[in-house]
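[1] What shape does this take:
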Amino acid sequence: MVSCENKEPKAQHVYSFLHDITDPMIAQPDANEFLSLIDAADIKLRYRIISDVDFNPVTETKRSAPPSGLSSLFSNSLEEKKKKKSFEVDCKKILVKKDPIEGEAHSSIFDPLMAELEYLSSLSDHHKKHLIIYSDLLDNCRWISFYRGTDRWLLANHPNKVVQRYQKRVSEKLKEIKNVEVHIIFIPENHYANVRFKQLQKVYLALFSELNIPISFSGNLTNALSKL
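    Prediction:
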């Protein structure tokens, strides 16, 4: 006897990684850590480096969910294991430690972050979206640079004005984004870096609160994905 089921399809989980390679970073993407944390059957992984330019190529891999319902009776379990293994191999090729760019005077952090959020906003609400950024958040570009004394002073004394600068870079379409979580991963190397990162953390918290996008800060991916 054949029965018909009208079930909602399971959500695809999209994990977008942005990896800042303009400075030496203690926290780095770890494929083994990532693979130990995910349990969804339908996954897409995206990876892009952050460097001295606004946009870099994206590397992608995905694992499709096995068939469900009646079609699952005819699925090949061996083939599904091969797909899972292939996805794991791809992840380990993509999420590897990258050496910092030597001698680079500029780094664009926020604009690539916004570009990736725009991509995620183009996906249906059916997707579960995670944007994971390994970075110290130190933009060093034309419109703002925390390597300039004036902008460092502004961050320390008038963070609301820094928030306003960031607000001007936000696309209107991001105000309606759903089912996305942002995770910032960074380990300060000293007290000065820790203070500076906390100042930027307040800016990002204020900005993403307005966008109604959950954001977390952590020293590794395990803690990041457990916070939200």
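[2] Provide the secondary structure category for the closest residue to residue 219 other than its chain neighbours.
    Distances taken as Cβ to Cβ, 6 or more residues apart in numbering put residue 187 closest to residue 219, at 4.8 Å, once the chain neighbours are dropped. Any C-beta I mention is one placed from the backbone N, CA and C, and that applies to glycine too. Under DSSP: H, G, I helix; E, B strand; the rest coil, the three-state class of residue 187 is coil.
[3] Kindly report the same for residue 114.
    helix.
[4] Could you check how many residues crowd around the residue nearest to residue 219?
    Neighbour count of residue 187, defined by other Cβ atoms under 10 Å: 16.
[5] The one 3 residues further on now?
    Counted by other Cβ under 10 Å, the residues lying close to residue 190 total 8.
[6] ok, now residue 19?
    By the criterion of other Cβ under 10 Å, residue 19 has 23 neighbours.
[7] I'd guessed it sits against residue 49; true?
    Yes. Counting by Cβ atoms under 8 Å, residue 49 is a contact partner of residue 19 at 5.1 Å.
[8] Low-confidence ranges, the chain, go.
    By pLDDT under 70, the low-scoring segments of the chain are 1-10, 53-55, 66-75, 101-105, 226-228.
[9] try 50
    1-6, 70, 103, 228 (pLDDT under 50).
[10] Regarding it, what is its longest helix?
    Using DSSP state H to define each element, the chain has its longest helix at helix 191-211.
[11] which residues make contact with the next helix or strand after that helix from outside it?
    Scanning forward in sequence from helix 191-211 by DSSP states H and E, the next helix or strand is strand 215-218. Outside strand 215-218, the residues that touch it by Cβ atoms under 8 Å, 6 or more residues apart in numbering are 181-186, 201, 204-205, 208, 224, 227-228.
[12] Could you tell me which of the residues you listed count as buried?
    181-186, 204, 208, 224 (16 or more other Cβ atoms under 10 Å).
[13] What is the neighbour count of residue 79?
    Each residue near residue 79 was counted by other Cβ under 10 Å, and the total is 10.
[14] Give the helix, strand or coil label for it.
    helix.
[15] How much space separates it from residue 191?
    Computed as Cβ to Cβ, to the nearest Å, the residue 79 to residue 191 distance reads 53 Å.
[16] neighbouring contacts of the longest helix of the chain?
    By Cβ under 8 Å, 6+ apart, helix 191-211 touches 136-138, 146, 155-156, 159-160, 162-163, 166-167, 170, 174-175, 177, 182, 184, 186, 188, 214-215, 217.
[17] Mind giving me the PyMOL select for these, buried ones only?
    In PyMOL, this line selects whichever of the contacts of helix 191-211 come out buried by 16+ other Cβ under 10 Å:
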select buried, resi 136+137+138+146+155+162+163+166+170+174+177+182+184+186+188+215+217
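[18] how about the strands in the chain?
    Along the chain, counting by DSSP state E, strands occupy 13-20, 43-50, 59-63, 128-134, 180-185, 215-218.
[19] Just send the ones you listed back as CSV, with distance to residue 122 too.
    As requested, these are exported to CSV (distance: least, Cβ to Cβ, whole Å):
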stretch, distance to residue 122
strand 13-20, 11
strand 43-50, 13
strand 59-63, 14
strand 128-134, 11
strand 180-185, 11
strand 215-218, 20
